[in-house]
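K.L.:
fold the stuff below for me.
(one chain, ligands or ions: 2)
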Amino acid sequence: MNTPPAPAANFIRNLIDEHNASGKWGGRVETRFPPEPNGYLHLGHAKSIFLNFGLARDYGGVCHLRFDDTNPEKEEQEYVDSIIESVKWLGFDWGPHLYYASDYFDTMYACAESLIQAGHAYVDSLTADEMRGYRGTLTEPGKDSPYRNRSVEENLDLFRKMRAGEFPDGAHVLRAKIDMASPNINLRDPAIYRIKHATHHNTGDKWCIYPMYTYAHPIEDAIEHITHSICTLEFEDQRPFYDWLLDRLADGGFFTRPLPQQIEFARLNLTYIVLSKRKLIQLVEEQHVSGWDDPRMPTLAGARRRGYTPEGFRRFTDQIGVSKADGWIDYSVFEACQRDALNDTAPRRIAVLDPVKLVIDNYPEGQSEDCFAPNHPQQPELGKRAIPFSRELWIEREDFEETPPKGYFRLYPGNSVRLRYGYVVKCTGCDKDADGRITAVHCDYLPDTKSGTPGADSVKVKGNIHWVSAAHAYAAEVRLYDRLFKTAQPGAETGNFLGDLNADSVKVIRAQLEPCLRDAVPEASFQFERHGYFVADRVDSKPGTPVFNRTVALKDSWVKAAG
Ligand code: ATP
Ligand code: MG
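P.N.:
Ligands and ions are numbered 1, 2, ... in the order given. Have a look, this model is predicted:
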């Protein structure tokens, strides 16, 4: 394969170049990809993975895989395992840098005590409702809580009792003491620890207080000596708190400067899919799909089963780039990148998806011979393979018309076509059943016209159709996948994304395939000529009986529909 082109410059690369020029980090680039293990990774995460791991690779740095597992609820080992598998599948390696935020709970707790001691945090005992009332609005400042001026001793005592399990959930919270009148609501004394009597998947019942995400995340970054902490734009308003917190903790001796720098970029929004974890979970739990790795799911596990490739993801993330401008990318852009990547590598094979018999009446019964087809038209070095030819073939039903419409060059009575890589045949008629459905097409072949022989071009024809020998074909299950949703922004108009599910997102057929496809190993991709790219399903294929998933058609059939 060709070496990928150098990645395009973007504002984050420019910033790193500046840092390297000024010597801010001594040339160090240390990033992290910090998923919360509460769902499977999706196509949006791929953007963040390529960005963070890509920067580390290109600048000779490291990228950590960090499970941001500070929330005791909704986190599961199944998600941890699938995340690891998907990041590896995309081709990235974190070396020894696999971390769990919950391993830092002791440090986070110590940081909180030190903030209390320095007068930067206090225990508030307002109810959640009261706290909302004190918070103010975008246009009005908030008000100080009556508990805001508790003494350091009282705060410390209460916080320790919170930790010791002496209070029920919600009785108190620890808050940063910043400024209730700040124009940035995130600085109006944000909560940093809450009481939650819940078992954590890693720390068990050791804790009944848990740090808030906005408090935990900067500390995680600082502990791991992250240089560039890259996140999506919705955290922009949190950056002042990120800096406020790490500054105070550096003053308190916990961390040394320079401190990690938060940098925001625009998340990936793709049409025709949903990326919210809540919606993805709903699709799985309500069985609108067969599971997290259903080939129609916008998860990385689904993408892999669908036959999308890491190289296709690389091309896509390179193409869309990284910026601060939010926007939507049309799904066809993603599909085009996947198609291009597969076009370069997928061997060509013949598949008849909607078979009808073609009988060559003047070809001897019981005889067969080999025809030769290139494995890749643009890569002759990949050679040719033999395809058996015989008296009865499978062809596509749509390649025959009893009464041809104008401009139809394929089979109809009296017309000749080339059987691709084989002979020219002349159609003589067809058989029908009682309902008038065509059961077989008849033709005669012209013995001197075999492809690759000197007489091949002696007869000129306009049509060229594909076929497989009926006696040799591999009859296989093929799943024709299409988009899971029929609208560009599912649910945008109705508020009900499930109402926009595409009822035709999968069609399971029995196809007749070229015999060698029997030996396809799971995850092998092919171009089925004239049809598209297909992959041997990695879950349902058995040795000798692979089943195939359509990854993407050769052409985009949604252009018109979307326009
Ligand atoms: P939530 O936090 O609501 O559970 P999330 O989508 O933010 O969902 P995380 O597991 O926190 O999920 O995400 C891990 C990383 O992936 C974060 O750094 C986040 O910014 C990034 N990420 C998530 N969704 C996208 C997206 N659509 N485009 C780019 N990056 C994303
Ligand atoms: Mg998140």
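K.L.:
switch to C-alpha atoms for all contacts and neighbour counts from now on
P.N.:
OK.
K.L.:
measure whatever residue of the stretch 351-500 of the chain ends up closest to ligand 1 to residue 497 for me?
P.N.:
Here the stretch 351-500 of the chain gets closest to ligand 1 at one residue, residue 489, 14.0 Å apart by Cα to the nearest ligand atom. Using Cα to Cα, to the nearest Å, we find residue 489 at a distance of 8 Å from residue 497.
K.L.:
which stretches of the stretch 451-563 of the chain have low pLDDT?
P.N.:
Applying pLDDT under 70 to the stretch 451-563 of the chain flags residues 559-563.
K.L.:
over to the stretch 301-450 of the chain?
P.N.:
In the predicted model of the stretch 301-450 of the chain, no residue satisfies pLDDT under 70.
K.L.:
count of residues packed around the residue of it found nearest ligand 1?
P.N.:
When scored by Cα to the nearest ligand atom, the stretch 301-450 of the chain has residue 322 as its residue closest to ligand 1, at 9.5 Å. Look at residue 322: counted by other Cα atoms under 10 Å, it has 21 neighbours.
K.L.:
same thing with residue 454?
P.N.:
Neighbourhood size, residue 454 [other Cα under 10 Å]: 10.
K.L.:
that one: which element?
P.N.:
Assignment of secondary structure by DSSP states H and E places residue 454 within no helix or strand.
K.L.:
what's the spacing between it and residue 448?
P.N.:
When residue 454 is compared with residue 448 (using Cα to Cα), they lie 8 Å apart.
K.L.:
with residue 504 instead?
P.N.:
Using Cα to Cα, we find residue 504 at a distance of 45 Å from residue 448.
K.L.:
now the helices: where do they sit in the stretch 251-400 of the chain?
P.N.:
Listed in chain order, the helices of the stretch 251-400 of the chain (DSSP state H, counting those that start in this stretch) span 277-285, 300-306, 310-320, 331-345.
K.L.:
return the most buried member of those helices.
P.N.:
helix 300-306 (a mean of 24; mean count of other Cα atoms under 10 Å).
K.L.:
contacts made by that one with the rest, please.
P.N.:
Here helix 300-306 makes contact (Cα atoms under 8 Å, 6 or more residues apart in numbering) with 40-43, 46, 82, 86, 292-297, 309, 523, 535, 537-539, 549-551.
K.L.:
and the nearest residue to residue 458 once chain neighbours are set aside, what does it touch?
P.N.:
Closest residue to residue 458 apart from its sequence neighbours, by Cα to Cα, 6 or more residues apart in numbering: residue 449 at 6.9 Å. Neighbour list for residue 449: 422-424, 455-459 [criterion: Cα under 8 Å, 6+ apart].
K.L.:
most neighbours out of the residues you listed, which is it?
P.N.:
Within the contacts of residue 449, residue 424 tops the neighbour count with 28 neighbours, counted by other Cα under 10 Å.
K.L.:
and the chain, which of its residues are near ligand 1?
P.N.:
Contact residues (Cα under 6 Å from any ligand atom) of the chain with ligand 1: 33-36, 44-45, 47-48, 231-232, 267-269.
K.L.:
looking at the stretch 51-200 of the chain, which residue is nearest ligand 1?
P.N.:
residue 68 (7.4 Å).
K.L.:
quickly list what residue 65 is bridged to.
P.N.:
Assessed by DSSP bridges, residue 65 has beta-bridge partners residue 33, residue 98.
K.L.:
isn't it up against residue 96?
P.N.:
No - counting by Cα atoms under 8 Å, residue 65 does not reach residue 96; the two are 9.4 Å apart.
K.L.:
of these two, which one has the most company?
P.N.:
Counted by other Cα under 10 Å, residue 65 and residue 96 do not tie: residue 65 has more neighbours, with 26 against 9.
K.L.:
can you count the residues close to residue 402?
P.N.:
For residue 402, the neighbour count with other Cα under 10 Å is 12.
K.L.:
hang on, isn't it packed against residue 413?
P.N.:
Yes - using Cα under 8 Å, residue 402 is in contact with residue 413, at 6.7 Å.
K.L.:
and for the two, which residues touch both?
P.N.:
residue 429.
K.L.:
would you map out the domains in the chain?
P.N.:
Domains of the chain are assigned by automatic domain parsing as 11-265, 277-345+476-562, 349-472.
K.L.:
which residue ranges of the stretch 351-500 of the chain form strands?
P.N.:
For the stretch 351-500 of the chain, the strands defined by DSSP state E, counting those that start in this stretch cover 351-352, 355-360, 368-374, 384-390, 392-396, 416-419, 424-432, 438-445, 463-465, 468-469, 474-481.
K.L.:
burial of the closest residue to residue 179 other than its chain neighbours, as a residue count?
P.N.:
Nearest residue to residue 179 in three dimensions, chain neighbours excluded: residue 188, at 5.1 Å (Cα to Cα, 6+ apart). By the measure other Cα under 10 Å, the count of residues near residue 188 is 24.
K.L.:
try residue 413
P.N.:
Neighbourhood size, residue 413 [other Cα under 10 Å]: 18.
K.L.:
is it correct that it is in contact with residue 425?
P.N.:
No - counting by Cα under 8 Å, residue 425 is not a contact partner of residue 413; they are 11.1 Å apart.
K.L.:
residue 218 and residue 333, how far apart?
P.N.:
Distance, residue 218 to residue 333, using Cα to Cα: 35 Å.
K.L.:
please apply the same query to residue 270.
P.N.:
Taking Cα to Cα as the measure, residue 270 falls 9 Å from residue 333.
K.L.:
which parts of stretch 355-373 are buried?
P.N.:
By 16 or more other Cα atoms under 10 Å, the buried positions in stretch 355-373 come out as 355-360, 363, 368, 371-373.
K.L.:
my bad, stretch 541-554
P.N.:
For stretch 541-554, burial by neighbour count (16+ other Cα under 10 Å) applies to 541-542, 545-554.
K.L.:
ditto for stretch 166-173
P.N.:
Buried residues in stretch 166-173 (16+ other Cα under 10 Å): 167, 169, 172-173.
K.L.:
what about it, how long is it end to end?
P.N.:
End-to-end distance (Cα to Cα), stretch 166-173: 13 Å.
K.L.:
what mean pLDDT does that stretch have?
P.N.:
In this model, stretch 166-173 has a mean pLDDT of 98.
K.L.:
residues making contact with that stretch?
P.N.:
123-128, 161-162, 191-197.
K.L.:
report the buried members of the residues you listed.
P.N.:
For the contacts of stretch 166-173, a burial check counting by 16+ other Cα under 10 Å picks out 123-126, 162, 191-197.
K.L.:
dump the residue contacts of the residue nearest to residue 280 when sequence neighbours are not counted.
P.N.:
Among residues not flanking residue 280 along the chain, residue 274 sits closest, at 7.2 Å (Cα to Cα, 6+ apart). With contact set as Cα under 8 Å, 6+ apart, residue 274 has these partners: 280, 298, 489-490.
K.L.:
check the residues you listed and tell me the two furthest apart.
P.N.:
Between any two of these, the greatest separation by Cα to Cα is 14.6 Å, found for 280 and 489.
K.L.:
wait, doesn't residue 374 sit right on residue 386?
P.N.:
No - in terms of Cα under 8 Å, residue 374 does not count as a neighbour of residue 386; the distance is 9.1 Å.
K.L.:
neighbour count for those two, which is higher?
P.N.:
When neighbours are counted by other Cα under 10 Å, residue 374 and residue 386 differ, and residue 374 comes out ahead with 18 against 14.
K.L.:
bridging residues for the more buried one?
P.N.:
residue 384.
K.L.:
likewise for residue 545?
P.N.:
Residues in a beta bridge with residue 545, per DSSP bridges, are residue 542.
K.L.:
what's stretch 146-156 in contact with?
P.N.:
So stretch 146-156 is contacted by 113, 116-117, 119, 122-126, 177 (Cα under 8 Å, 6+ apart).
K.L.:
list the contacts of stretch 503-511.
P.N.:
By Cα under 8 Å, 6+ apart, the residues outside stretch 503-511 that reach it are 296, 351-355, 475-485.
K.L.:
filter these to the buried ones?
P.N.:
By neighbour count, with 16+ other Cα under 10 Å, the contacts of stretch 503-511 hold 296, 351-353, 355, 475-485 as buried.
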